[in-house]
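In: build the 3D model from these lines:
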Amino acid sequence: MNDTDTTTERGLIKRATGIHHLDAVTHGGLPAAGATLVVGEPGCGKTIIGLQILASALARGEGGVFMSFEEAPEQILRNFDSFRWGRQLRESSRCEILDGQAIKGGAFSGGFDIEGLLAVLDHCAKRVEGAWIVLDGIDQLLRRQPDSQSAIDQIVQLNDWSIEQGYSLLLTGKHTGKDRFQPDHLGGIEFMLNTILVLSNTLVDKRLNRRFRIAKYRGTSHNPNELAMLIDATGIQLPYAEPFAAEAVPAAGERISIGIERLDSILEGGVYRGSITLISGQPGTSKTTLGAAFVAAAAGRGERALLLSFDEFARQIVRNVATLGIDLQSPIDSGHLKVVARASWDGLVEEHYMAVLALLDDFQPDCLVIDPASALLKSSGADSAFLALERLIAVTRTRGITTMITSLSEADDPFGESSLSHASTLADTWIVLRYQINGGERNRSLSVVKSRGTAHSNQVREMILSSEGVDLADVYPFGSEVLMGTARAQKESEEVDLRQRQVKERFRQQQQLELEIDKTRASIQQGQAELERLQEELLAEHRDQTATDRGADHHQDSILRRRNPGQGGQDQ
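Out: Numbering: from 1, shown residues only. Here you go, the predicted structure:
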């Protein structure tokens with residue numbers, strides 16, 4: 001018997017079932033020695049759990065025994081061929097599938113002696129070297145006991161035998177009443193066994209919802225909550241089984257482009273890598289377009305991006321955004337981008353959640369867009385849509401996937417849907433798109449409600465879509481309002497006309513000033529010529545005066561010489 005798959009907690013030895021989610025909620029598996037009762041309504045998946053555990057054991061090189069009191073072995077193998085592990089049950093020599101219907105159909109005298117059954121099970125388990133034994137539909141056998149106490153005694157004997165021999169014994173049984181822990185005809189058995197798993201069915205919006213709960217597991221910690229359960233090609237899935245460890249996720253300081261240059265500038269270079277961005281808005285406000293721009297920018301950087309749409313088909317998205325200059329086909333062809341469409345109404349919330357996880361595991365994207373996340377509210381089982389979204393955000397944040405989630409808001413309450421989806425409190429950046437209706441015209445607007453760690457703009461900007469892409473217009477305040485669309489264009493035109501008139505007026509004033517300057521310059525030149533003439537006249541007058549003064553002095557000297565000739569001679 002292989003014990004490499006066992007663990008010990010507080011003295012209780014557990015054996016891994018090989019069902020990942022079941023091992024997660026049981027914190028390691030089911031008892032390595034002793035009986036576990038799986039009880040539920042018809043169609044809950046009791047038989048599947050038993051056979052999937054055996055298939056997992058076979059995959060690990062171990063063996064197991066399965067006995068059904070309801071179906072023949074060939075019918076069981078045929079029914080479970082649809083599972084990925086179904087072939088292992090048919091082909092493995094270490095899987096013993098026994099027909100218990102012959103035992104059930106026998107006539108008992110005074111009660112059924114279980115010793116013979118135990119001998120058969122022990123022989124088969126030793127032959128295949130198996131640690132797991134599954135008795136499917138045990139209620140069908142024990143209901144033939146003369147009274148319920150005899151049946152309970154048989155179950156207790158089975159439990160004691162499995163503990164003594166070291167077998168993990170799985171018993172399945174049906175019940176028809178709601179919230180019952182024991183199979184029909186076995187009232188009180190819940191007090192005798194240490195481990196009881198309860199499966200249930202419920203209809204939500206006419207769709208079958210399966211639920212799983214550990215009603216009892218003595219001697220060990222476990223998840224006691226009722227969990228959603230799915231059955232797909234891999235078998236049993238418990239979408240919310242794994243707890244998220246409170247590990248510190250590194251806060252990246254790198255910013256990446258959101259795909260719109262002016263929006264990046266508003267956000268100081270883009271959003272942080274690994275962060276969550278919420279885009280909320282009414283229908284037609286271009287939420288999908290922003291998501292397409294985001295994944296196109298990621299693919300342009302050589303990263304892997306995934307766009308998951310619940311509204312449109314992939315080809316329609318590629319075609320529509322191409323008219324805005326956003327090329328998604330090229331990165332799809334190169335393998336950097338994957339666009340996947342799912343119909344929100346065509347599945348349970350848990351099915352969508354598991355499908356997204358599978359896509360993340362398979363494609364390993366760096367960036368993710370879910371458009372719109374609010375579509376999960378239209379899925380069956382929408383009461384758990386909030387939980388699915390919160391867990392999905394936790395997954396992407398833990399893996400460092402930069403995520404953009406869009407959410408549809410109601411026309412009369414643009415913020416209501418975002419709060420309803422709980423994404424607004426979990427998002428690092430929240431961008432709201434709206435319609436601004438003014439002057440008989442509808443225009444798109446964008447505003448950043450919050451962006452953690454970023455000194456972002458608080459202004460409402462007009463968002464403009466064209467064949468060249470998405471752009472944000474400059475804020476154009478007018479009084480207490482911000483003008484958009486035709487009103488903004490008209491006001492801008494008026495300002496252009498005003499600036500042109502002001503330019504013309506300035507030009508006229510310049511010409512007038514230049515004319516005055518020319519006149520003044522001419523006057524200055526004319527005055528300069530007059531000044532020079534007057535200076536010449538003054539100079540000539542000065543020369544004449546000098547000559548006159550000299551002539552007068554000479555004449556005076558001549559008179560003096562004539563009056564005094566001798567003196568004049570001495571003077572000479």
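
In: worst-scoring helix or strand of this protein, pLDDT-wise?
Out: Least confident helix or strand of the chain, by mean pLDDT, DSSP states H and E, is helix 416-420 with a mean of 47.

In: need the next SSE after that one, C-terminal direction.
Out: helix 423-426 (DSSP states H and E).

In: so how far is that following helix off the chain centroid?
Out: 11 Å (Cα atoms, centre = their mean, to the nearest Å).

In: what about M192, how many neighbours?
Out: The number of residues packed around M192, counting by other Cβ atoms under 10 Å, is 15. Backbone N, C-alpha and C define where each C-beta goes, glycine included.

In: sorry, that was for L238
Out: Count around L238 with other Cβ under 10 Å applied: 22.

In: which parts of the stretch 401-550 of the chain are strands?
Out: 402-408, 429-438, 441-451, 461-466, 469-472, 477-478, 481-482 (DSSP state E, counting those that start in this stretch).

In: the second one pairs with which strands?
Out: It stands for strand 429-438. Sheet pairing of strand 429-438 (DSSP bridges) gives strand 276-281 (parallel), strand 441-451 (antiparallel).

In: between the longest helix along the chain and strand 441-451, how many degrees?
Out: With secondary structure taken from DSSP state H, the chain has its longest helix at helix 485-563. Orientation of helix 485-563 against strand 441-451 (axes from the mean of the first three to the mean of the last three Cα atoms, to 10 degrees) gives an angle of 80 degrees.

In: looking at the strands paired with strand 429-438, which is buried most?
Out: Stretch with highest mean neighbour count among these: strand 276-281 (a mean of 26; mean count of other Cβ atoms under 10 Å).

In: pull that one out as CSV, backbone CA atoms only.
Out: Provided in CSV are the C-alpha atoms of strand 276-281 (Å, rounded to 0.1, in the frame of the first residue of the first chain):
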residue,chain,number,x,y,z
ILE,A,276,-6.7,47.0,-11.5
THR,A,277,-8.4,49.6,-13.6
LEU,A,278,-12.2,49.9,-13.7
ILE,A,279,-13.9,51.6,-16.7
SER,A,280,-17.6,52.3,-15.9
GLY,A,281,-20.1,54.0,-18.1
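
In: run the chain-centre distance for it.
Out: 10 Å.

In: and the strands paired with strand 429-438, which one is worst for confidence?
Out: Among the strands paired with strand 429-438, strand 441-451 has the lowest mean pLDDT, at a mean of 86.

In: neighbours around P42, how many?
Out: 9.

In: who's in contact with the residue most central in space within the chain?
Out: Residue closest to the average C-alpha location in the chain (Cα atoms, centre = their mean): T403, at 4.0 Å. Residues near T403 by Cβ atoms under 8 Å, 6 or more residues apart in numbering: S275, I276, T277, C367, L368, V369, I370, I393, T396, R397.

In: do you know how far it is from T454?
Out: 17 Å (Cβ to Cβ, to the nearest Å).

In: how many other residues sit next to the nearest residue to S344 once chain neighbours are set aside?
Out: Of all residues not flanking S344 in the chain, A375 sits nearest, at 3.9 Å (Cβ to Cβ, 6 or more residues apart in numbering). Neighbours of A375 under the rule other Cβ under 10 Å: 22.

In: state the distance from the residue nearest to the centre of the chain to I279.
Out: The value you get for T403 to I279, if Cβ to Cβ is used, is 11 Å.

In: give me the common contacts of the two.
Out: With Cβ under 8 Å, 6+ apart as the test, T403 and I279 reach no residue in common.

In: follow-up on the earlier one: if the residue nearest to the centre of the chain is in a bridge, with which residues?
Out: If you apply DSSP bridges, the partners that T403 bridges to are I276, L368.

In: cool, and S68?
Out: If you apply DSSP bridges, the partners that S68 bridges to are D99, D136.

In: can you check the pLDDT for the closest residue to R218 other than its chain neighbours?
Out: In space, R218 comes closest to N194 once its chain neighbours are excluded; the distance is 4.1 Å by Cβ to Cβ, 6+ apart. pLDDT recorded at N194 is 91.

In: just confirm N194 contacts G219, I think it does.
Out: Yes. N194 lies in contact with G219 (Cβ atoms under 8 Å); the separation is 6.8 Å.

In: comparing the two, which shows the higher neighbour count?
Out: N194 (17 against 13).

In: any idea how far L22 is from the more buried one?
Out: From N194 over to L22 (counting by Cβ to Cβ), the distance is 17 Å.

In: for A455, give its distance to G269.
Out: Taking Cβ to Cβ, one finds A455 at 11 Å from G269.

In: what are the boundaries of the strands in the stretch 251-400 of the chain?
Out: Under DSSP E, counting those that start in this stretch, the stretch 251-400 of the chain gives strands at 255-256, 271-272, 276-281, 305-309, 337-341, 367-371.

In: next, D153: phi, psi?
Out: The phi/psi pair for D153 (degrees, to the nearest 10) reads phi -60, psi -40.

In: pull the number of nearby residues for R143.
Out: R143 has 17 nearby residues by other Cβ under 10 Å.

In: need the pLDDT of it.
Out: 71.

In: so it is in contact with Q154, correct?
Out: No. Between R143 and Q154 there is no contact under Cβ under 8 Å: 11.1 Å.

In: what is in contact with these two at once?
Out: With Cβ under 8 Å, 6+ apart, R143 and Q154 have no common neighbours.

In: what is L37 paired to in the beta sheet?
Out: L171, I196.

In: how far away is G259 from T36?
Out: Counting by Cβ to Cβ, the gap from G259 to T36 is 52 Å.

In: so which of the two has more stuff around it?
Out: Taking other Cβ under 10 Å, G259 and T36 do not tie; T36 has more neighbours (27 against 24).
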